[in-house]
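> Predicted model and sequence below, questions to follow.
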Amino acid sequence: MKTTDRKNEIYCSTGTVIGRATCFDHSVICRELPKIAAEVGLDGIEHVVVPAFYDGAEEKLRMITSSGLRCAVLHADKRIGVMLSQGGEENAREAMRLWRVNCMIADSLDCSRVVLHLWGSPESDTNFAYNASFMDEILSIAGKYDIETLIENIPCVSLDPLSRWRELDGYGCGFIFDVRFGQLHGQNGDIVASEYMKNGRISHMHISDFGGGFREFSKIRPILHPNEGNVDFPALFAGLKDAGYRGSFTLESPVMSERGLDLDKLTRTLLWLREQVASIWA
């Protein structure tokens, strides 16, 4: 497995500013994000591949490139895990086709890490062994583009994300720790204290907040900004400091509404995240 020391770099997810509320307008990447990046000192972006991206993909790739922002992480199309969880040969073929396309997108952006949802709702992890049976093919495709595959701790309805990660121990993948989903499953403390944090297999994190209780799936959305929900961020960052975490962070909390983009809020949250990450090194 390829391990990566990112020295606590900070990225902004394009999902914070691109979505249904903004009609999936990708021009914000080159119109607004560079100014915020300069103010905050961002190390790059995490580009989320949504279905709307494929229509006019070349122009959208040009926007990302012309922005001057480094695409540090690509978040692969979330439908890949959904299709695998649904089962069937046709779904599996389409999932692997999408995975290959997403790896090609990452390669075109000179991006070496891709986040993958290995399972997805509504079936989620109910047939996890089947989903995991595609790991060799997933890693083989990624390897052709020299890409590191990061499996996310997304919600489970059968077991829990940490248990599912442990079933992938024998594969050469990394992990990405989403604290919102960790809070949903009551596992943030366990993940911070896990062997994957200590051995560097967790090399990336998603930052947002969660306002519900244990396994309260109905509260997964809306995605809250840090300190709007129940995640104990002081304890989280103290734990990361103790664990010697040297991976990267992406802010995932959206700032979209029918009124437009709240870019001031995005800037404030990113500055907050910068302060928290600095505490790891203090």
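Received it, and whenever you're ready, just let me know what you need.

> For Pro34, grab the count of nearby residues.
Residues near Pro34, counting by other CB atoms under 10 Å, number 16. Where you see a C-beta, it was placed from the backbone N, CA and C, and this is true even at glycine.

> which residues touch the closest residue to it other than its chain neighbours?
Among residues not flanking Pro34 along the chain, Ser67 sits closest, at 5.4 Å (CB to CB, 6 or more residues apart in numbering). Taking CB atoms under 8 Å, 6 or more residues apart in numbering, we find Ser67 in contact with 29-30, 33-34.

> ok, these vs Asp55, which is closest?
Among the contacts of Ser67, Ile29 lies closest to Asp55 (CB to CB), at 15.9 Å.

> Using CSV, write out the CA atom coordinates for the helix or strand hosting the closest one.
Counting by DSSP states H and E, the element that carries Ile29 is helix 28-31. In CSV, the C-alpha atoms belonging to helix 28-31 read as follows (Å, rounded to 0.1, in the frame of the first residue of the first chain):
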residue,chain,number,x,y,z
VAL,A,28,-17.4,29.0,-9.5
ILE,A,29,-14.2,26.9,-9.4
CYS,A,30,-12.3,29.5,-11.5
ARG,A,31,-14.5,32.5,-10.6
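
> tell me what that helix is packed against?
Under the contact criterion of 3 or more CB pairs under 8 Å, 6 or more residues apart in numbering; DSSP states H and E, helix 28-31 touches helix 57-66.

> ok now the helix it packs on, how far from the chain's centre?
20 Å (CA atoms, centre = their mean, to the nearest Å).

> What of stretch 48-67?
18 Å.

> tell me the average confidence for that stretch?
For stretch 48-67, mean pLDDT is 97.

> cool, stretch 263-278 as well?
Stretch 263-278 shows a mean pLDDT of 97 in the predicted model.

> Dump that stretch to CSV, restricted to CA.
C-alpha atoms of stretch 263-278 as CSV (Å, rounded to 0.1, in the frame of the first residue of the first chain):
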residue,chain,number,x,y,z
LEU,A,263,-18.8,32.7,0.5
ASP,A,264,-18.1,34.7,3.7
LYS,A,265,-19.3,31.7,5.7
LEU,A,266,-17.1,29.4,3.6
THR,A,267,-14.1,31.6,4.3
ARG,A,268,-14.8,31.7,8.0
THR,A,269,-15.1,28.0,8.3
LEU,A,270,-11.9,27.4,6.3
LEU,A,271,-10.0,29.8,8.5
TRP,A,272,-11.4,28.0,11.6
LEU,A,273,-10.2,24.7,10.1
ARG,A,274,-6.8,26.2,9.5
GLU,A,275,-6.6,27.2,13.2
GLN,A,276,-7.6,23.7,14.3
VAL,A,277,-5.0,22.0,12.1
ALA,A,278,-2.3,24.4,13.3
